[in-house]
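Trainee: I'd like to go over a predicted model; first the sequence, then the structure.
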Amino acid sequence: MEFLVLQALSGLASASSLFLVAAGLSLIFGVTRIVNFAHGSLYMLGAYLAWTFVEHGPGGALGFWGGIAAAVAATALIGAVIEILLLRRIYRAPELFQLLATFGVVLIVQDLALAIWGPQDLLGPRAPGLRGPITILGQRFPLYEAFLILVGPAVLALLWLLLNRTRWGTLVRAATQDREMVGALGVDHRRLFTGVFVLGSALAGLAGALQLPREGLSLHMDLAVVTEAFVVVVVGGLGSVGGAFLAAVLIGQLHAFGILVFPKITLVLVFLVMAVVLVLRPHGLLGRPQAEARAPSGAGEPVLRPATRPVRILGTVALLCAIALPPFLGDYGRVVMIDMAILVLFAASLHFMMGPGGMASFGHAAPFGIGAYGSALALKLAGAPMEVGLAAAPFAAGLAGVAFGWFCVRLSGVYLAMLTLAFAQIAWSVAFQWVEVTGGDNGLLGVWPSDWARDRLVYLYLTLALCLGGTLLLRRAIFSPFGMALRAGRDSPLRAEAIGIPVGAVRWAAFVIAAVMAGLAGGLFAYAKGSVFPTYLSISKSVDGLVMVLLGGVRTISGPIVGAVAFTGLEEQLTRVTDLWRLVLGLAIVGLVLAFPAGLAGAAAALAERRR
């Protein structure tokens with residue numbers, strides 16, 4: 001009994017820290033509608049800055065707690081700079097482009113932290129006055145953990161007073177429900193957005209700084225915490241601070257007891273819970289449907305038209321170059337072209353959901369990885385040749401798309417995106433832990449093409465043919481009656497239903513088609529690399545797909561092609577010339593977002609339209 005009590009208290013301490021991060025993230029999204037991937041970076045900066053202030057500041061209790069306070073203030077200031085210099089300039093851009101901008105900030109902060117603090121983990125000092133244990137039911141429990149248990153409810157109470165007993169809090173709550181109406185009433189939304197972002201950044205910095213005595217500081221703590229924070233925010237309900245607290249307690253207890261009761265699924269238990277909550281309560285435990293942000297007058301989704309004659313000529317020239325160039329390339333150049341062709345199909349399949357379908361996905365790596373494992377397992381378990389494996393890849397991914405899509409298409413917006421992330425993490429956990437079949441972390445090796453395709457040049461042409469064919473099929477589907485119905489359901493679901501379009505069925509079919517094409521890309525990738533690993537299903541692979549689609553432009557047909565080529569080329573070149581390639585890539589992404597908020601292909605299409 002005593003052990004269970006201590007385990008519950010440990011879960012509450014973790015929940016308190018997680019709540020601080022999630023509360024800031026929930027406030028920022030509720031008011032600004034920004035899916036802030038950089039929130040984890042602010043958490044990491046809070047931890048590293050606290051270590052710097054404490055280790056190089058005056059000693060004693062004032063030095064420690066003063067360092068914590070200084071780190072929180074510095075993180076809040078950094079958040080203000082990010083909001084004023086970057087996000088304020090793109091509030092009228094599509095929401096997903098704001099996500100791309102925050103991802104660029106993540107890359108920048110990662111390499112800046114590497115340059116300043118180095119790659120090694122850092123250990124902070126213990127908190128003065130909170131060292132040692134206390135006795136609870138005859139068992140020793142860390143005093144600092146008990147302190148953290150009290151911090152969460154205290155911050156929750158202060159936030160409640162701020163949001164419910166001040167004019168500023170009233171405006172924040174109003175903006176959470178309908179920010180456009182708040183602006184129409186004469187409120188300076190720029191100051192309001194900056195204030196909310198500063199508060200959220202300060203909470204993230206406080207959460208990171210308070211981890212100093214608990215755990216080592218590493219350069220990977222940003223993405224680890226932001227994923228769990230998103231889970232907490234979505235489970236609790238977007239924009240609900242109370243919901244974030246309730247969800248944080250739930251997740252903290254799952255972490256504490258899950259390893260005892262369900263040790264095999266501990267890695268994915270929180271995502272299972274999130275999936276169940278979203279299926280049963282689509283807006284979270286305490287969340288409510290939010291008013292959609294109104295587009296500026298005259299704005300809206302552009303009409304997709306067939307390519308103009310100059311675009312067709314340019315595409316034909318690019319295709320002829322891709323066909324003629326491989327014989328003159330070395331082995332490395334052919335490898336890069338294979339990867340680029342596969343990622344074009346991967347990005348095009350994601351764009352099919354996001355653009356015409358209006359279904360953002362944070363877990364598109366799931367069908368990609370399942371397709372790769374489908375090919376590999378066809379070889380390992382049945383001895384099937386490459387030809388059969390390449391057929392098994394889209395089939396396996398399509399089955400997963402049928403199962404996942406049945407749940408996902410019932411949601412919309414961030415809730416849909418987070419449910420796709422949950423399913424992707426579940427698939428990753430299965431691949432990681434089912435060692436007898438998938439090989440676990442060691443992966444499946446020896447997945448090589450058939451003898452006739454072993455030559456790198458031959459496999460390159462095979463990849464080009466299949467990826468080009470898949471991309472053209474997706475384009476054909478967009479301009480077919482099915483694509484028209486899909487876009488109608490995206491733009492006005494009620495009107496589409498009224499004229500007899502089964503919007504849910506059409507969205508489900510689009511989800512499955514996108515999964516099939518992503519699975520084909522995964523199968524080709526498996527044979528290109530000769531192996532399959534759980535990382536093919538990881539969050540980073542899904543984020544790469546998002547970046548490629550958004551970088552090229554989600555509102556154009558050629559956007560995913562341009563984005564995949566640009567992203568792959570940038571990453572490949574930067575990794576060769578500098579160790580700080582994330583910094584340069586992040587700066588390039590931020591610069592492109594500011595210069596071309598509609599993406600590269602979107603900007604080119606807009607320029608051509610103006611000239612016409």
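Mentor: Noted; the coordinates are in hand.

Trainee: which residues of the stretch 151-300 of the chain score low on pLDDT?
Mentor: For the stretch 151-300 of the chain, applying pLDDT under 70 flags the ranges 178-180, 263-267, 289-300.

Trainee: where do the strands sit along it?
Mentor: For the stretch 151-300 of the chain, no strands are identified by DSSP state E, counting those that start in this stretch.

Trainee: go on, the chain?
Mentor: Using DSSP state E, the strands of the chain run over 133-136, 139-142, 444-445, 531-532.

Trainee: Show me what the second one is packed against.
Mentor: Contact here means 3 or more CB pairs under 8 Å, 6 or more residues apart in numbering; DSSP states H and E; on that basis strand 139-142 packs against helix 2-32, strand 133-136. Glycine gets a C-beta too; all of them are placed from N, C-alpha and C.

Trainee: Point out the one among the ones you listed that comes closest to Val268.
Mentor: Of all these, it is helix 2-32 that lies closest to Val268, at 16.9 Å by CB to CB.

Trainee: List just the one of the strands of the chain that sits closest to Gln425.
Mentor: Nearest to Gln425 among the strands of the chain is strand 531-532; the distance by CB to CB comes to 17.6 Å.

Trainee: which residues are contacting that closest one?
Mentor: Contact with strand 531-532 is made by 369, 372-373, 375-376, 443-447, 526, as judged by CB atoms under 8 Å, 6 or more residues apart in numbering.

Trainee: who wins for proximity to Ala392 among the strands of the chain?
Mentor: Of the strands of the chain, nearest to Ala392 by CB to CB is strand 531-532, at 12.5 Å.

Trainee: and the closest one, which strands flank it?
Mentor: strand 444-445 (antiparallel) (DSSP bridges).

Trainee: so how far is the strand it pairs with from its chain's centroid?
Mentor: 27 Å (CA atoms, centre = their mean, to the nearest Å).

Trainee: quick revisit: I'd like to know which of the contacts of strand 531-532 is nearest to Glu55.
Mentor: Checking the contacts of strand 531-532 against Glu55 with CB to CB, the nearest one is Gly443 at 40.1 Å.

Trainee: On the pLDDT front, check the closest one for me.
Mentor: Per-residue confidence (pLDDT) for Gly443: 92.

Trainee: That one and Pro534 touch, don't they?
Mentor: Yes: between Gly443 and Pro534 there is a contact at 7.2 Å, judged by CB atoms under 8 Å.

Trainee: If you count surrounding residues, which of these two has more?
Mentor: Shown here are Gly443 and Pro534; by other CB atoms under 10 Å, Pro534 has more neighbours (22 against 19).

Trainee: Surely Ala605 touches Val562?
Mentor: No: here Ala605 does not reach Val562: they are 10.4 Å apart, not a contact under CB under 8 Å.

Trainee: anything in contact with each of the two?
Mentor: Joint contacts of Ala605 and Val562 (CB under 8 Å, 6+ apart) are Gly553.

Trainee: now for the lowest-mean-pLDDT helix or strand in the chain, which elements pack on it?
Mentor: Ranked by mean pLDDT, DSSP states H and E, the weakest helix or strand in the chain is helix 600-611, scoring a mean of 72. Helix 600-611 sits against helix 539-552, helix 559-577, with contacts defined as 3+ CB pairs under 8 Å, 6+ apart.

Trainee: Of those, give the one that comes closest to Leu314.
Mentor: Closest of the helices and strands packed on helix 600-611 to Leu314 is helix 559-577, at 10.7 Å (criterion: CB to CB).

Trainee: what sits up against that closest one?
Mentor: Under the criterion CB under 8 Å, 6+ apart, residues 336, 339-340, 343-344, 346-348, 350-351, 355, 471, 544, 547-553, 581, 584-585, 588, 599-602 lie in contact with helix 559-577.

Trainee: Centre of the chain to that helix, how far?
Mentor: Offset of helix 559-577 from its chain centre (CA atoms, centre = their mean): 19 Å.

Trainee: on that earlier part again, possible to save the strands of the chain as CSV with mean neighbour count and distance to Phe567?
Mentor: Shown next, in CSV, are the strands of the chain (neighbours: other CB atoms under 10 Å; distance: least, CB to CB, whole Å):
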stretch, mean neighbour count, distance to Phe567
strand 133-136, 12, 50
strand 139-142, 16, 45
strand 444-445, 18, 27
strand 531-532, 24, 22
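
Trainee: closest to Phe37 out of those?
Mentor: Ranking the strands of the chain by proximity to Phe37 (CB to CB) places strand 531-532 first, at 27.0 Å.

Trainee: gap between that closest one and the chain center?
Mentor: That offset, for strand 531-532, works out to 24 Å (CA atoms, centre = their mean).

Trainee: how close does Ala247 sit to Ser10?
Mentor: 18 Å (CB to CB, to the nearest Å).

Trainee: quick one, which of the two is more surrounded?
Mentor: Each of Ala247 and Ser10 has its neighbours counted (other CB under 10 Å); Ala247 has more, 31 against 20.
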